[in-house]
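A.B. asks: Compute the structure for the input listed below.
(chains A and B)
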Amino acid sequence: MRNTTGQPRFDAVDFAAQYAAFIFLVMLVVAFALLQPNFLNPFNLLNVLRQVSISGLIAIGMTFVILTAGIDLSVGSMVALCGLAGAYVAKGGLDSRFAIGAAEQAGNPVWMAVAVSIAVGMTAGAIQGLAITRLRVPPFVVTLGGLSAWRGAALLLSDGGPISGFSADYTWWGQGRIWTIPVPVLLFVAAAILAHVVLRYTRFGLHVYAVGGNAAAATLNTISTRRVIFSVYVIVGFFCGLAAFILSARLNSAEAVAGLGLELDVIAAVVIGGTSLFGGVGTIFGTVCGALLIGVLRNGLILMNVSSFVQQIVIGVILVLAVAIDQAAMARRGR
Amino acid sequence: MAPLLKLTGITKNFGAIEALAGIDIALGHGEVVGLMGDNGAGKSTLVKIIAGNFAPSAGEIQLDGRTVRFESPLDARKAGIEVVYQDLALCDNLSAALNIFLGRELTRGVGPFRFLDRRAMAERASALFAELKTNTVPSDLVKSMSGGQRQAVAIARTRLADPKIVLMDEPTAAISVRQVAEVLELIRTLSRAGHTVVLISHRMPDVFTICDRVIVLRRGTKVADKPIGATSPEEVTGLIIGAIETA
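C.D. replies: Sure thing, here's the model as predicted:
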């Protein structure tokens, strides 16, 4: 049927692809609330939110990348490298890696640790962005290389061991609360709002959608496709640096095995949230719902004493279903 | 009156291949000129030279009597030359209004930041569609549009800057018969508004319906340049395939 009235038609598959995560999230919350009274306990809910905020922060950055039809598989390894770099600076070197109390004074202030962690993430992202835009290596391959290389760099930097025992100023960023709300959750919410504004209301945000929708058309309309693609990998690097710092603060430790397999949770959150792997379609709201959905599912299944092995299977199946819905929506669009 | 665009001795070599050999063309204000030729005749190369995608190997381009050199499509756009590409260069995932303004979005300042002014873009798009007399809705996503409506979006985009020349590459190649009529009407509207239109087409009826003049290229040379009233589809066909040498 041709659309002759000029009114956008309601398309159930399209709608499902856009809002499936939100609808499913609400259903899950209701189900767990009925099955497990403890689920709605405010402490439990805040705990879920705090756990979600690490992968959620990175998923916000990953949304930019996937909107350009790219992918970043290296985020887990980047978290390890960034966290160690920040911890290294905070402690003033490896010699005092386990030092606590007086020896802490030898280290550097917390703001310097945050700055270094984020700078390392953005630099790693920039290197990957350059490899993608200048060497024309596909994002999948570049970031698969990064997945290996950044983990190796993290092991080299830390000599294989952890760096732990931070000052209270440092750990506050992972363990502290403001009006009972955990600090990581506040950062996650602030980052989500900021990212939403950038994507929806700025020229750069529009260009991210345009590049993902039709890169050739974007180029013909004088948009620098290269600059946009480079930028999204720097953005995801920024969020890796921030998340790595918060993770090390929460665990009071940074180590080279941190963030192992984190890319799965992050990509799953974005894709379940309705962002199309083909690029050009998706929202930060969807990503936040996707991240919450995974967190709620994990938590609810734990409360119901379901084995963590089964949890992995459930999350895997949901991920595949989300992409199946996306594919169906693509077929509707006639591509 | 001096011609709006004057090409003199335009030649383009790709290695040993001579795609264009000394083309001379003059375009007047508000003219609709059909550019015809078989595949490989040099139509696309010529259009890309005028649009700034390629620099000519030799020859001169004059716009309003001034010699110009385009380093990029952006230069050509700034000089008042707009192109409607064969594949239209639209982003399916964006609305009609955003597609029109892509790359030159309207923004408004809030403190030190600049944000997209979606309402202003929708209003301007609405006005452009009204001028073009099309039923296209600014807020519709391009993916939900008919071929004719998509053409309208691509043509509306060229009117943003009030261009001197609009180059249209095969605008009727991929759409239904009824939509062809819509697109030809859009071209007429452009011409009436004083824009010069170059229509690259394979379709004889389109050219004879709306063009004032037809230029025929064959193997990189201009073999005909005639007012439409002084020729016939039969003659043009003969010129394209080489049955008639020149006219």
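
A.B. asks: Excluding chain neighbours, what is closest to residue A:290?
C.D. replies: Leaving aside its sequence neighbours, residue A:290 sits nearest to residue A:273 (Cβ to Cβ, 6 or more residues apart in numbering or on different chains; 3.0 Å). C-betas here are computed from N, CA, C, even on glycine.

A.B. asks: go on, residue A:107?
C.D. replies: That would be residue A:92: by Cβ to Cβ, 6+ apart, it lies 3.9 Å from residue A:107.

A.B. asks: can you check residue B:163 too?
C.D. replies: Nearest one to residue B:163, counting by Cβ to Cβ, 6+ apart, is residue B:82 at 4.2 Å.

A.B. asks: The helix or strand that contains the one you found packs against which elements?
C.D. replies: In this assignment (DSSP states H and E), residue B:82 forms part of strand B:81-84. On a contact count with 3 or more Cβ pairs under 8 Å, 6 or more residues apart in numbering or on different chains; DSSP states H and E, strand B:81-84 meets helix B:147-158, strand B:165-169.

A.B. asks: partners of it in the sheet?
C.D. replies: In the sheet containing strand B:81-84, its partner strands are strand B:165-169 (parallel), by DSSP bridges.

A.B. asks: Now find how far off-centre the strand it pairs with is within its chain.
C.D. replies: 1 Å (Cα atoms, centre = their mean, to the nearest Å).

A.B. asks: Stretch A:81-89 too?
C.D. replies: Counting by Cα atoms, centre = their mean, stretch A:81-89 comes out at 19 Å from the chain centroid.

A.B. asks: Now tell me what touches it from outside.
C.D. replies: A:94, A:107-108, A:112-114, A:116-118, A:120-121, A:124, A:150-151, A:153-154, A:157-158, A:163-164, A:166, A:240-241, A:244-245, A:247-248, A:253-256, A:258-259 (Cβ atoms under 8 Å, 6 or more residues apart in numbering or on different chains).

A.B. asks: Show me where the stretch 101-250 of chain A dips below the pLDDT cut-off.
C.D. replies: The stretch 101-250 of chain A contains residues with pLDDT under 70 at A:101-106.

A.B. asks: From residue A:264, how far out is residue A:67?
C.D. replies: From residue A:67 across to residue A:264, the span is 19 Å (Cβ to Cβ, to the nearest Å).

A.B. asks: just to revisit the earlier point, output the next helix or strand along the chain from the strand holding residue B:82 as PDB - backbone C-alpha positions only.
C.D. replies: Counting by DSSP H and E, the next helix or strand C-terminal to strand B:81-84 is helix B:96-101. Output of helix B:96-101 as PDB, limited to C-alpha atoms (Å, rounded to 0.1, in the frame of the first residue of the first chain):
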ATOM      1  CA  ALA B  96      11.800  15.000   4.800                       C
ATOM      2  CA  ALA B  97      12.600  18.300   6.600                       C
ATOM      3  CA  LEU B  98      15.900  17.000   8.000                       C
ATOM      4  CA  ASN B  99      16.900  15.600   4.600                       C
ATOM      5  CA  ILE B 100      16.400  19.000   3.000                       C
ATOM      6  CA  PHE B 101      18.600  20.700   5.500                       C
END
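
A.B. asks: residues of the helix or strand just after helix B:96-101 that come out buried?
C.D. replies: Next along the chain after helix B:96-101, taking DSSP H and E as the criterion, comes strand B:107-110. Neighbour counts using 16 or more other Cβ atoms under 10 Å in any protein chain shown place residue B:107 of strand B:107-110 among the buried residues.

A.B. asks: Would you state the strands of the chain in chain order?
C.D. replies: Using chain A. A:163-164, A:177-178, A:181-182, A:253-254 (DSSP state E).

A.B. asks: wrong one, I was asking about chain B
C.D. replies: B:5-14, B:17-27, B:32-36, B:58-63, B:66-68, B:81-84, B:107-110, B:113-116, B:165-169, B:196-200, B:213-218, B:221-227.

A.B. asks: excluding its backbone neighbours, what's nearest residue A:318?
C.D. replies: Per Cβ to Cβ, 6+ apart, closest to residue A:318 is residue A:272, 6.2 Å.

A.B. asks: no wait, residue B:7
C.D. replies: Per Cβ to Cβ, 6+ apart, closest to residue B:7 is residue B:25, 4.5 Å.

A.B. asks: mean pLDDT lowest for which of the helices and strands packed on strand B:81-84?
C.D. replies: Looking at the helices and strands packed on strand B:81-84, the lowest mean pLDDT belongs to helix B:147-158 (a mean of 85).

A.B. asks: For that one, C-alpha coordinates in PDB please.
C.D. replies: Provided in PDB are the C-alpha atoms of helix B:147-158 (Å, rounded to 0.1, in the frame of the first residue of the first chain):
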ATOM      1  CA  GLY B 147       9.300   7.700  -5.600                       C
ATOM      2  CA  GLY B 148       7.700  11.000  -6.600                       C
ATOM      3  CA  GLN B 149       7.700  12.400  -3.100                       C
ATOM      4  CA  ARG B 150      11.300  11.400  -2.700                       C
ATOM      5  CA  GLN B 151      12.200  13.300  -5.800                       C
ATOM      6  CA  ALA B 152      10.300  16.300  -4.400                       C
ATOM      7  CA  VAL B 153      12.500  16.200  -1.300                       C
ATOM      8  CA  ALA B 154      15.600  16.000  -3.400                       C
ATOM      9  CA  ILE B 155      14.400  18.900  -5.500                       C
ATOM     10  CA  ALA B 156      13.300  21.000  -2.600                       C
ATOM     11  CA  ARG B 157      16.800  20.600  -1.200                       C
ATOM     12  CA  THR B 158      18.200  22.400  -4.200                       C
END
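
A.B. asks: re earlier: does the residue nearest to residue A:290 really touch residue A:292, like I thought?
C.D. replies: No - look at residue A:273 against residue A:292 with Cβ atoms under 8 Å: they stay out of range, at 9.2 Å.

A.B. asks: so who does residue 206 touch?
C.D. replies: Went with chain A since none was named. Taking Cβ under 8 Å, 6+ apart as the test, what residue A:206 contacts is B:94, B:98, B:102, B:105, B:116.

A.B. asks: was after chain B, sorry
C.D. replies: B:34, B:172, B:180, B:184, B:199.

A.B. asks: Could you measure from it over to chain A?
C.D. replies: 22 Å (Cβ to the nearest Cβ, to the nearest Å).

A.B. asks: what's the burial count for the residue nearest to residue B:163?
C.D. replies: 24 (other Cβ atoms under 10 Å in any protein chain shown).

A.B. asks: And the one 10 residues further on, by the same measure?
C.D. replies: By other Cβ under 10 Å, 19 other residues sit near residue B:92.

A.B. asks: just residue B:24 next, same as before
C.D. replies: Counted by other Cβ under 10 Å, the residues lying close to residue B:24 total 12.

A.B. asks: gap between it and chain A?
C.D. replies: Counting by Cβ to the nearest Cβ - residue B:24 and chain A are separated by 28 Å.

A.B. asks: related to what we said a few turns ago, out of the strands of chain A, which is closest to chain B?
C.D. replies: strand A:177-178 (25.4 Å; Cβ to the nearest Cβ).

A.B. asks: Show me which residues of the stretch 201-335 of chain A are close to chain B?
C.D. replies: A:201-203, A:205-206, A:209-210, A:212-214, A:216-218, A:220-223, A:280-281, A:333-334 (Cβ under 8 Å from any Cβ of the partner chain).

A.B. asks: Narrow the residues you listed to those that are buried.
C.D. replies: Looks like those have A:201-203, A:205-206, A:209-210, A:212-214, A:217-218, A:220-221, A:223, A:280-281, A:333 buried, using 16+ other Cβ under 10 Å.

A.B. asks: Which phi and psi values does residue A:306 adopt?
C.D. replies: The phi/psi pair for residue A:306 (degrees, to the nearest 10) reads phi -80, psi 140.

A.B. asks: Residue A:27 versus that one, what's the distance?
C.D. replies: 17 Å.

A.B. asks: more crowded one of the two?
C.D. replies: Counting neighbours by other Cβ under 10 Å for residue A:306 and for residue A:27 shows that residue A:306 has the greater number, 14 against 11.
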